[in-house]
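Participant: fold the following, please.
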Amino acid sequence: MDAYMLRQRRFKEDKAIQSLSAIEKKPSSELLCDEERRWMYLPNCGASFAAVMPNSVVEEIFLRSAPAGFVGAHRIKSKPYALIEYEDAASAAAARRELHGTHSDLIKKWIFLFFAKWLPAPFDVAAAFDSTSSGRIPSTPDTDVAPEPCATGPLPKGLFIVPNFISVDEEKQILQEVDNIDQQEWTNLNRRSVAHFGYEFSYKTRNVVRDRGAVVSAEFPDWVARVSKRVEENGNVGPRIDQLTINNYRPGDGIPHHIDTHSAFEGPIVSLSLLSNTIMEFRHPEGERVDVFVPRRSLLIMSSDARLLWSHGITPRKTDQLPTGGLNVRGRRVSLTFRKVRPADSPCDCVFWAQCDRRKEEVSSASENRVVATPIVEKLFVHDMYNAIGNHFSSTRHSPWPAVAQFINALPAGTLLADIGCGNGRYLGLNSSIFKLGSDRSEALTKICAEKSFEAMTADALKLPLRSNAFDVVMCIAVIHHLSTLERRVECVRELIRVLREGGVALIYVWALDQPDRTFGQPDLFVPWHLPKEPKIGKKDSDLSAEDVEHQAVADPSSGSDEGKYRVLRRFYHVFRKGELTDLVEKAGSCVIQEPETYEKGNFKILIKKVS
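Facilitator: The predicted model follows:
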């Protein structure tokens with residue numbers, strides 16, 4: 001490093017320390033220390049920086065250069081710094097030696113790391129600074145009374161938590177039995193290991209294995225029978241429990257969001273938590289989310305809506321921010337989940353059609369070809385519409401959306417990209433170092449792509465004439481909201497995933513119900529397009545901008561009418577509520593969410609990765 005760069009580094013480092021002192025109104029001697037600690041300050045990468053650089057990018061710096069023991073990067077609202085957490089002080093010190101005083105090309109900033117002597121809430125846990133130990137605290141000490149459950153909002157209907165359901169001694173006895181289970185009985189999943197008693201549960205079919213009966217054991221072992229009987233008597237479960245799944249979570253493990261299969265089990269589902277507290281997230285299909293603090297030794301009962309309508313899951317991480325503002329540090333956690341297998345001749349008769357696998361099978365068998373066959377509303381008000389307005393539509397779609405353009409331009413050279421619903425090809429001209437193929441249902445629009453010398457074809461997004469596992473990246477920008485049924489929207493996402501290679505990613509945008517300046521009155525509606533009756537001489541663009549015509553909801557489904565200089569045509573849209581896009585990709589399966597659903601200028605976007 002030359003003398004100029006060395007002076008620059010020293011100047012930036014001093015300025016970083018001054019900014020930390022100024023924002024926390026504390027001298028640096030109270031904030032920072034020379035002693036190695038597992039928490040470090042990273043200045044100039046805080047909440048304001050999050051607007052232009054997601055937290056995952058900051059974490060990527062540490063995962064690339066110093067992954068050993070890395071827990072995460074934490075941002076606090078209104079703080080201009082990030083907190084970097086490692087499992088222990090030695091790992092943090094190794095990361096500091098590797099990165100302190102370097103310039104990151106990833107975030108275009110100097111990296112300065114300072115060991116934390118003091119931390120703001122909710123990270124101000126005294127034991128977290130114990131440099132004589134690992135720096136971790138047990139999520140619950142071995143006391144007779146565990147913490148009370150709490151949540152970020154009202155509990156879903158049918159969700160109950162019984163705190164201190166068992167004593168410390170009973171917990172130890174159960175754990176001893178769990179640890180004595182033969183190693184061959186355990187199955188290792190992605191982020192946890194499981195063992196089954198009674199009926200075996202298949203994670204491929206998400207159902208119990210019925211053809212071989214009680215394949216694991218015809219009767220519960222004595223200790224399982226004793227715990228089950230107590231759960232039945234005191235957990236309000238009802239019919240006799242005949243299936244138990246034991247989950248063994250290491251610190252940082254989790255479980256994906258899911259709804260336990262309706263056709264597999266009847267009655268409530270009950271879970272007993274041992275060793276560690278955790279946060280369980282519940283999501284309603286319309287986007288509502290409730291984070292529930294589940295204490296150690298508590299019994300969680302899911303019935304009614306909580307069981308059948310809300311999905312639940314545990315985010316894989318090593319610390320949780322509690323609804324009350326504190327910090328929960330996870331240790332090993334064991335959960336015992338008790339269920340009653342539904343008889344094969346007693347199908348689920350719930351009212352939650354979208355979540356019920358039995359109801360979906362009924363719909364699927366009754367209309368097997370309906371998903372692929374185009375409904376008349378899409379033919380008239382999407383396909384025919386875009387063919388009619390193709391040239392005029394193209395004249396208002398000359399500028400790429402900045403965020404999408406940034407995504408494409410950041411793709412590495414040689415990437416194979418499919419733009420499904422490419423329209424007039426406004427994204428096909430970006431990033432000349434990658435290979436791009438477009439498709440669109442409108443012949444008028446793909447003809448415009450051909451005139452621009454872009455590689456594009458006319459194809460249905462639900463029946464792509466493309467090889468499976470072929471593309472590195474797939475884009476589907478403002479397309480899926482034109483599909484009129486949930487089944488077709490799910491099938492479209494599955495088709496996007498099909499053509500992706502394993503590990504490839506798909507970027508999806510859809511219109512949102514809530515717009516920046518208004519809210520659509522209903523999710524399914526018709527939006528007007530003002531088509532000039534006579535073409536303008538010497539002009540390509542219409543008098544109306546794209547913004548003028550894109551967000552005007554009209555409930556009248558007439559095919560068109562004359563209004564002055566313009567013929568007003570209608571396009572069908574299904575606009576999305578918050579969380580609906582997330583639910584859609586989870587229903588599609590074979591993918592994980594790479595970047596969560598976010599709202600952006602009247603749209604929801606999500607980035608998913610193919611996993612199988």
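Participant: which neighbouring elements make contact with the longest helix belonging to the chain?
Facilitator: Criterion DSSP state H: the longest helix present in the chain is helix 3-24. In this structure, helix 3-24 makes packing contacts with helix 28-31, strand 39-43, strand 81-86, strand 109-111, strand 114-115, judged by 3 or more CB pairs under 8 Å, 6 or more residues apart in numbering; DSSP states H and E. Where C-beta positions appear, they are placed from N, C-alpha and C, glycine not excepted.
Participant: and if we set it to 10 Å?
Facilitator: Counting contacts by 3 or more CB pairs under 10 Å, 6 or more residues apart in numbering; DSSP states H and E, helix 3-24 packs against helix 28-31, strand 39-43, strand 81-86, strand 102-104, strand 109-111, strand 114-115.
Participant: any chance of the ones you listed in a markdown table, plus mean pLDDT and mean neighbour count?
Facilitator: Listed next are those as a markdown table, based on pLDDT from 0 to 100; neighbours: other CB atoms under 10 Å:
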| stretch | mean pLDDT | mean neighbour count |
| --- | --- | --- |
| helix 28-31 | 89 | 14 |
| strand 39-43 | 88 | 24 |
| strand 81-86 | 84 | 24 |
| strand 102-104 | 83 | 15 |
| strand 109-111 | 84 | 20 |
| strand 114-115 | 92 | 22 |
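Participant: just checking, residue 101 touches residue 10?
Facilitator: Yes. Counting by CB atoms under 10 Å, residue 101 touches residue 10, with 9.1 Å between them.
Participant: which of those two has more neighbours?
Facilitator: residue 101 (16 against 11; other CB atoms under 10 Å).
Participant: how about the helix or strand harbouring residue 394: buried residues?
Facilitator: Using DSSP states H and E, residue 394 maps to helix 384-395. Within helix 384-395, the residues scored as buried using 16 or more other CB atoms under 10 Å are 385, 386, 388, 389, 390, 392, 393, 394, 395.
Participant: how near is the fourth one to residue 520?
Facilitator: Between residue 389 and residue 520 the distance is 21 Å, computed by CB to CB, to the nearest Å.
Participant: likewise for the last one?
Facilitator: Taking CB to CB as the measure, residue 395 falls 25 Å from residue 520.
Participant: backbone phi and psi for residue 270, please?
Facilitator: Here is the backbone geometry of residue 270 (degrees, to the nearest 10): phi -130, psi 130.
Participant: okay, now it: neighbour count?
Facilitator: Counted with other CB under 10 Å, residues neighbouring residue 270 total 25.
Participant: which pLDDT value belongs to the nearest residue to residue 478 once chain neighbours are set aside?
Facilitator: In space, and not counting its chain neighbours, residue 478 is closest to residue 509: 5.5 Å by CB to CB, 6 or more residues apart in numbering. At residue 509, the predicted lDDT confidence score is 97.
Participant: who's in contact with residue 509?
Facilitator: By CB atoms under 10 Å, 6 or more residues apart in numbering, the residues touching residue 509 are 401, 403-404, 421, 475-481, 581, 600, 603-606.
Participant: any low-confidence regions in the stretch 301-450 of the chain?
Facilitator: Within the stretch 301-450 of the chain, the segments meeting pLDDT under 70 span 353, 358-373, 397-398.
Participant: quick one: the helices in it?
Facilitator: Assigned by DSSP state H, counting those that start in this stretch, the helices in the stretch 301-450 of the chain fall at 304-308, 357-366, 376-378, 384-395, 402-409, 443-451.
Participant: surely residue 85 is in contact with residue 319?
Facilitator: Yes. In this structure, residue 85 is within contact of residue 319 by CB under 10 Å, at 7.1 Å.
Participant: pull up the pairing partners for the top strand by length along the chain, direction included.
Facilitator: In the chain, with assignment by DSSP state E, the single longest strand is strand 500-511. Here strand 500-511 has these sheet partners by DSSP bridges: strand 471-477 (parallel), strand 603-610 (antiparallel).
Participant: may I see the buried residues of it?
Facilitator: Of the residues in strand 500-511, 500, 504, 505, 506, 507, 508, 509, 510, 511 count as buried by neighbour count, 16+ other CB under 10 Å.
Participant: got it, and stretch 425-433?
Facilitator: Applying 16+ other CB under 10 Å to stretch 425-433 flags 425, 426, 427, 428, 430, 431 as buried.
Participant: could you do stretch 585-598 as well?
Facilitator: For stretch 585-598, a neighbour-count test (16+ other CB under 10 Å) marks 585, 586, 587, 588, 591, 593, 597 as buried.
Participant: hey, C-alpha coordinates of the helix or strand the second one falls within in CSV?
Facilitator: Taking DSSP H and E as the definition, residue 586 sits inside helix 580-588. Taking only C-alpha atoms (Å, rounded to 0.1, in the frame of the first residue of the first chain), the coordinates of helix 580-588 have been written out as CSV:
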residue,chain,number,x,y,z
GLU,A,580,-49.2,-13.9,-1.8
LEU,A,581,-46.1,-14.2,-4.1
THR,A,582,-44.2,-15.9,-1.3
ASP,A,583,-47.0,-18.4,-0.9
LEU,A,584,-47.1,-19.0,-4.6
VAL,A,585,-43.5,-20.0,-4.9
GLU,A,586,-43.8,-22.2,-1.8
LYS,A,587,-46.7,-24.0,-3.4
ALA,A,588,-44.6,-24.5,-6.6
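Participant: pLDDT (mean, whole number) over that helix?
Facilitator: pLDDT averaged over helix 580-588 gives 94.
Participant: between it and strand 603-610, how many degrees?
Facilitator: Put simply, helix 580-588 runs at 20 degrees to strand 603-610, going by axes from the mean of the first three to the mean of the last three CA atoms, to 10 degrees.
Participant: who are the packing partners of helix 580-588?
Facilitator: Helix 580-588 packs on strand 255-258, strand 278-283, strand 311-314, helix 486-499, strand 500-511, strand 591-600, strand 603-610, going by 3+ CB pairs under 10 Å, 6+ apart.
Participant: so can I have a markdown table of the helices of the stretch 301-450 of the chain showing distance to residue 229?
Facilitator: Shown next, in a markdown table, are the helices of the stretch 301-450 of the chain (distance: least, CB to CB, whole Å):
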| stretch | distance to residue 229 |
| --- | --- |
| helix 304-308 | 21 |
| helix 357-366 | 30 |
| helix 376-378 | 55 |
| helix 384-395 | 63 |
| helix 402-409 | 56 |
| helix 443-451 | 66 |
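Participant: those helices: which one's closest to residue 188?
Facilitator: Taking CB to CB, helix 357-366 is the member of the helices of the stretch 301-450 of the chain nearest to residue 188, at 25.8 Å.
Participant: would you point out the most distant pair within the buried residues of helix 384-395?
Facilitator: Pairwise over the buried residues of helix 384-395, using CB to CB, the maximum falls at 385 and 395, 15.8 Å.
Participant: bridging residues for residue 292?
Facilitator: Residue 292 has these beta-bridge partners by DSSP bridges: residue 151, residue 280.
Participant: burial measure for it, as a count.
Facilitator: Residues near residue 292, counting by other CB under 10 Å: 22.
Participant: now it: how far from residue 233?
Facilitator: For residue 292, the distance to residue 233 - CB to CB - is 24 Å.
Participant: show me where pLDDT drops low in the stretch 51-200 of the chain?
Facilitator: Short version for the stretch 51-200 of the chain, where the test is pLDDT under 70: 51-56, 76-78, 121-147.
Participant: just the CA trace of stretch 268-287, in PDB.
Facilitator: What follows is stretch 268-287, C-alpha atoms only, in PDB (Å, rounded to 0.1, in the frame of the first residue of the first chain):
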ATOM      1  CA  PRO A 268     -54.500 -30.800  16.700                       C
ATOM      2  CA  ILE A 269     -50.800 -31.100  16.200                       C
ATOM      3  CA  VAL A 270     -48.800 -30.800  19.400                       C
ATOM      4  CA  SER A 271     -45.100 -30.000  20.000                       C
ATOM      5  CA  LEU A 272     -43.100 -30.200  23.100                       C
ATOM      6  CA  SER A 273     -39.900 -28.100  23.100                       C
ATOM      7  CA  LEU A 274     -36.800 -29.200  25.000                       C
ATOM      8  CA  LEU A 275     -33.400 -27.500  25.800                       C
ATOM      9  CA  SER A 276     -33.800 -24.200  24.000                       C
ATOM     10  CA  ASN A 277     -36.200 -21.400  23.300                       C
ATOM     11  CA  THR A 278     -37.000 -20.500  19.700                       C
ATOM     12  CA  ILE A 279     -39.000 -18.100  17.500                       C
ATOM     13  CA  MET A 280     -41.600 -19.800  15.400                       C
ATOM     14  CA  GLU A 281     -43.000 -17.800  12.500                       C
ATOM     15  CA  PHE A 282     -46.700 -18.100  11.500                       C
ATOM     16  CA  ARG A 283     -47.800 -16.800   8.100                       C
ATOM     17  CA  HIS A 284     -51.400 -16.200   6.900                       C
ATOM     18  CA  PRO A 285     -52.000 -16.700   3.100                       C
ATOM     19  CA  GLU A 286     -53.000 -13.000   2.800                       C
ATOM     20  CA  GLY A 287     -49.600 -11.900   4.100                       C
END
